[in-house]
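**Student:** Okay, sequence plus prediction incoming.
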Amino acid sequence: MTSVEKKSTASKQPAAKKTAKTTAAKTATTKSSSEPLKVGLMVGREWSFPPAFIEEVARRDAGVVVEYVQLGGSLMNEPSPYRVVVDRISHEVPYYRSFLKNLALQGVKVINDPFMWTADDKYFGASLADKLGVASPKTVVVPNKEYVPGINHQESLRNLQYPLDWQRLIDYIGGFPCILKDAHGGGWRDVYVVHSYDELFWRYNESGLLTMILQEFITWENYARVMCLGQENIHVMKYDPKTRVYHEEHDFAPELYDRIVADSKKLVQAFGYDMNTCEYAIRAGVPYAIDFMNPAPDMDVNSLGRNHFDWMVSNMADLVIRLAKSKDATGDRYAWYKQATGAKGKK
């Protein structure tokens, strides 16, 4: 198309459509067909998955390349050279999260959606699982122990009942032992099994500014950790949370396996996560979803073992190649994106 033709075509577009040119998907259509589509990778202290993933995508020779994102301050509405960005570290680096939100505005497919990741918590997740018909431990969220400066306990917290009726909450979740953990935590940090009120109050009093949840303790007979990629590709693994060991093979009956797969799909599709793990404590043949918001899941060969690791690398390569060649954008789920770009949504 000549420059004159481009100008003529642009003049016929509504103003909102012109704004859409800032999206990565639109930018990709103006590139030379010989230029590869770019996938950006954002990582922290992990050394086995990133190079293996980059190499696997390159080996496919599919017109897609993966490279590490490099940042040094980000401009407002700065366009992105990437069609897809895989994020494995923004939960620890707030600047990265802000950068990724701008990428979503530019039409990039971000794995995982930084807006949902910012908004989720384990109390909301437990309520959502219950609504979806997924078995989950009974859960309550409790008021913070401490607050930021400026909060006056007598004047700022007038909506809170005091004293708290701990007996009612403990009775609801089935008594002791129970779990006390950070509603926004991960990596087994700030997770406690408490056996008495004395132990509960000790741990709660140490929680500081964290928002804690109380959860029913599931005495499990078997345990599964499930990798979910692209909201449809489910890899079920037998896992021992006490020793943090993955088994090479699982021993789940077909009916139990099918339920784990179905429940995992319900959860990741509801959250919109394309890279996530769900964990199930299995009691009396019922898989209880006890942890299913892990959008930066373990992908290290030293913990997973070679077989599970190879599955992750191969299937992540499949996922990013497919998404890079698609028109999928993280913003498709949001009104602000459609308004800002004039998008009508995918047909």
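**Tutor:** Okay, I see it. Predicted, not measured: the structure shown is a model, and the values here were computed from it. Numbering: from 1, shown residues only.
**Student:** switch to C-alpha atoms for all contacts and neighbour counts from now on
**Tutor:** Will do.
**Student:** and Phe53, what does it touch?
**Tutor:** Counting by Cα atoms under 8 Å, 6 or more residues apart in numbering, Phe53 touches Val313, Ser314, Met316, Ala317.
**Student:** Tell me the spacing between it and Leu304.
**Tutor:** Distance, Phe53 to Leu304, by Cα to Cα, to the nearest Å: 15 Å.
**Student:** related to what we said a few turns ago, tabulate the contacts of Phe53 (CSV), appending neighbour count and distance to Asp328.
**Tutor:** Rendered in CSV, the data for the contacts of Phe53 read as follows (neighbours: other Cα atoms under 10 Å; distance: Cα to Cα, whole Å):
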residue, neighbour count, distance to Asp328
Val313, 22, 21
Ser314, 14, 21
Met316, 21, 16
Ala317, 22, 16
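**Student:** between the residues you listed, which is closest to Asp113?
**Tutor:** The shortest distance between Asp113 and any of those, using Cα to Cα, involves Met316 and amounts to 16.0 Å.
**Student:** Tyr95: neighbouring residues, count only.
**Tutor:** Here the count is done by other Cα atoms under 10 Å, and Tyr95 has 13 residues near it.
**Student:** Looking at the residue positioned nearest the centre of the chain now. What's its pLDDT?
**Tutor:** Using Cα atoms, centre = their mean, the residue of the chain that lies closest to the mean C-alpha position is Pro295, 2.6 Å off. What the model reports for Pro295 is a pLDDT of 94.
**Student:** shaky segments in the chain?
**Tutor:** Across the chain, the ranges flagged by pLDDT under 70 are 1-33, 343-347.
**Student:** mind giving me the domain ranges of it?
**Tutor:** The chain is divided into the following domains under automatic domain parsing: 16-112+321-327, 138-216, 219-303.
**Student:** Columns distance to Lys122 on top of the ones you listed, output as CSV?
**Tutor:** Converted to CSV, the domains of the chain look like this (distance: least, Cα to Cα, whole Å):
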stretch, distance to Lys122
domain 16-112+321-327, 15
domain 138-216, 5
domain 219-303, 8
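**Student:** Go through the ones you listed and name the closest to Gly125.
**Tutor:** Shortest distance between Gly125 and the domains of the chain, using Cα to Cα, is found for domain 219-303: 7.7 Å.
**Student:** does the residue nearest to the centre of the chain sit in a helix, a strand or a coil?
**Tutor:** Of the three states, Pro295 takes coil according to DSSP: H, G, I helix; E, B strand; the rest coil.
**Student:** List the residues that contact it.
**Tutor:** Contact analysis of Pro295 by Cα under 8 Å, 6+ apart lists Arg88, Asn112, Trp117, Tyr273, Met275, Asn276, Thr277.
**Student:** again, only using 7 Å
**Tutor:** Contact partners of Pro295, counting by Cα atoms under 7 Å, 6 or more residues apart in numbering, are Asn112, Tyr273, Met275, Asn276.
**Student:** Could you tell me which of these are located in strands?
**Tutor:** Within the contacts of Pro295, membership in strands is found for Met275, Asn276, as judged by DSSP state E.
**Student:** Return the closest of the contacts of Pro295 with respect to Lys181.
**Tutor:** Distances from the contacts of Pro295 to Lys181 were compared by Cα to Cα; the smallest belongs to Asn276, at 19.7 Å.
**Student:** Now for that closest one, how many residues are close by?
**Tutor:** Counted with other Cα under 10 Å, the burial measure for Asn276 works out to 26 neighbours.
**Student:** again, but for Ile179
**Tutor:** If you count neighbours by other Cα under 10 Å, Ile179 ends up with 21.
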